[in-house]
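A.B. asks: Okay, here's the prediction I keep looking at, along with the sequence it came from:
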Amino acid sequence: MLEVQLDRFLINDRGQRITLARDERRNLFRNSGQYWTGTGLLKPLRGVVELTPLGRRVASGQVTSDEFAALMVRNTVLPNPQTYSDAEIAKWREAGLRIKPFELILSIMDKLGRSSGLSQAYLTPNELIEIVIPLAGAKASPDKITEAVALYRIGQLDISDFPDCAPEANDKRLAREFLLFLENFGICQADENASRYEQRFMLDAVFALAIAPDEQVSFLEDSQRTDDEVDTSRDSEIPIIIERRRVATSLIRRPNQSRFRKDVLRAAENRCVLTQESTSDVIEAAHIIPVGHGGTDAVGNGLCMRVDIHRLFDNGKIRIAPDGAVKLNEQIAEALSYRDLPQNINFPKNVGLENIEWRVKYL
């Protein structure tokens, strides 16, 4: 069951599995256990798989995947106390280095887009490895790193004397995974036609992300700080960016939306499955398995929902189990507008429960 709960984070928006380790034949935890430990979802225990309090909140849907992504972007720090040895951390401290990798990457993308146009708001893994990491290690500012990347792209920066900070293949893979994380959680999109290390990981809008002041104690080491940072991350721009991309992608991929809406609403007798709202202007057809994950426009893959309920369902703040049990994200559970939502619903007879089961496992 635990493997299923975490497995939903290894499916991208095309329904394909994401491999974050060397050998995809390994089981989920041998394959990616260090990854989940580094994100604070698993406790750093050898031979034991145990969720942290944050991991339990994420697995149960109390913290949504969008909120989790925002939390990681704002708070991931290198060296990571969850995965680095004491000796490695001592070397970083001796050098006076603490780097917030996700915020640095997004800040550079944003600055490139603002200075050179949105088409330049991207980074490739090779640029990250060959320019960003060496300069970050030399304590260059985000502005200086951005300038260096821009000059490199027009052939005006010689990097032949830059140190090789990722000498092993595994080092390069780990560096690329920072960009894969941002793509997998919908913060940026990747050019699928380029080779692995020349892929462009792109923003579709600039948003002036600032790198937040760093605390010397990781939020992963302080449960009260974790609670505070979850709340702060919910109010950051990151969940908004993810939602905007989700909506844009959904519109592109739903050519039969009009027919789908008509069929789903008719099957549900034009009533929202949670609120029983029937005003036509504010009810919609929600895909249970999203189109981006291979979901179809068949009536059995749809639920009739009020507009706001639909949005909360899409971003994981409202979850519905195959037995009809309704689970609310902790933020929504405390909101006055949703205190009267039912704790259990009956599905219209056309709804495919296998689709509900898939969604519970993977979204």
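C.D. replies: Alright, I've got the coordinates.
A.B. asks: Which residue is the nearest non-sequential neighbour of residue 108?
C.D. replies: The spatial neighbour of residue 108 that comes closest, neighbours along the chain excluded (C-beta to C-beta, 6 or more residues apart in numbering), is residue 146 at 5.0 Å. (Glycine included, C-beta is placed from N, CA and C.)
A.B. asks: sorry, that was for residue 101
C.D. replies: residue 178 (5.3 Å).
A.B. asks: same thing with residue 128?
C.D. replies: Distance criterion C-beta to C-beta, 6+ apart; nearest residue to residue 128, sequence neighbours excluded, is residue 175 at 5.6 Å.
A.B. asks: what is the mean pLDDT for the strand or helix carrying the one you found?
C.D. replies: Counting by DSSP states H and E, the secondary-structure element that holds residue 175 is helix 169-184. Averaging pLDDT along helix 169-184 gives 90.
A.B. asks: Could you do stretch 243-251 as well?
C.D. replies: Per-residue pLDDT over stretch 243-251 has a mean of 62.
A.B. asks: swap in stretch 84-93?
C.D. replies: The predicted model gives stretch 84-93 an average pLDDT of 91.
A.B. asks: Am I right that residue 109 falls within a helix?
C.D. replies: Yes - looking at residue 109 with DSSP: H, G, I helix; E, B strand; the rest coil, it is inside a helix.
A.B. asks: My guess is it contacts residue 188. True?
C.D. replies: Yes - with contacts counted by C-beta atoms under 8 Å, residue 109 reaches residue 188, the gap being 7.1 Å.
A.B. asks: Comparing those two, which residue is more hemmed in?
C.D. replies: Remark: of residue 109 and residue 188, residue 109 carries more neighbours, 26 against 23, as counted by other C-beta atoms under 10 Å.
A.B. asks: The protein: strands as residue ranges?
C.D. replies: Secondary structure of the chain, counting by DSSP state E: strands at 122-123, 189-190, 201-202, 283-287, 302-306, 318-320, 326-328.
A.B. asks: Lowest average pLDDT across these?
C.D. replies: With a mean of 90, strand 189-190 has the lowest mean pLDDT of the strands of the chain.
A.B. asks: For residue 82, see how far away the residue most central in space within the chain is.
C.D. replies: Geometric centre of the chain, nearest residue: residue 185, 2.4 Å, by C-alpha atoms, centre = their mean. With distances taken as C-beta to C-beta, to the nearest Å, residue 185 is found 19 Å from residue 82.
A.B. asks: returning to that earlier point: most packed of the strands of the chain?
C.D. replies: Ranked by mean neighbour count, the strands of the chain are led by strand 302-306 with a mean of 26 (mean count of other C-beta atoms under 10 Å).
A.B. asks: In contact with the residue nearest to residue 101, which residues are there?
C.D. replies: 101-102, 105, 128 (C-beta atoms under 8 Å, 6 or more residues apart in numbering).
A.B. asks: Farthest pair within these?
C.D. replies: The largest distance within the contacts of residue 178, taken as C-beta to C-beta, falls between 102 and 128 and amounts to 11.6 Å.
A.B. asks: where exactly do the helices run in the stretch 251-363 of the chain?
C.D. replies: Under the criterion DSSP state H, counting those that start in this stretch, the stretch 251-363 of the chain carries helices at the ranges 257-267, 307-314, 330-333, 353-362.
A.B. asks: Quick one: mean pLDDT for the shortest one?
C.D. replies: Translated: helix 330-333. Helix 330-333 carries an average pLDDT of 88.
A.B. asks: Please identify the buried residues of it?
C.D. replies: Within helix 330-333, the residues that qualify as buried are 330-332, counting by 16 or more other C-beta atoms under 10 Å.
A.B. asks: Likewise for the longest one?
C.D. replies: Buried residues in helix 257-267, defined by neighbour count with 16+ other C-beta under 10 Å: 257, 260-261, 263-265, 267.
A.B. asks: List just the nearest of those residues to residue 359.
C.D. replies: Using C-beta to C-beta, residue 264 is the member of the buried residues of helix 257-267 that lies nearest residue 359, at 15.3 Å.
A.B. asks: Please list all residues in contact with the closest one.
C.D. replies: For residue 264, counting by C-beta under 8 Å, 6+ apart, the contacting residues are 285, 299, 302-304.
A.B. asks: From residue 136, how far out is residue 153?
C.D. replies: Plainly put, residue 153 is 18 Å away from residue 136 if you go by C-beta to C-beta.
A.B. asks: who touches stretch 189-199?
C.D. replies: Stretch 189-199 has contacts (C-beta under 8 Å, 6+ apart) with 124-126, 129, 172, 176, 179, 183, 200-202, 204, 245.
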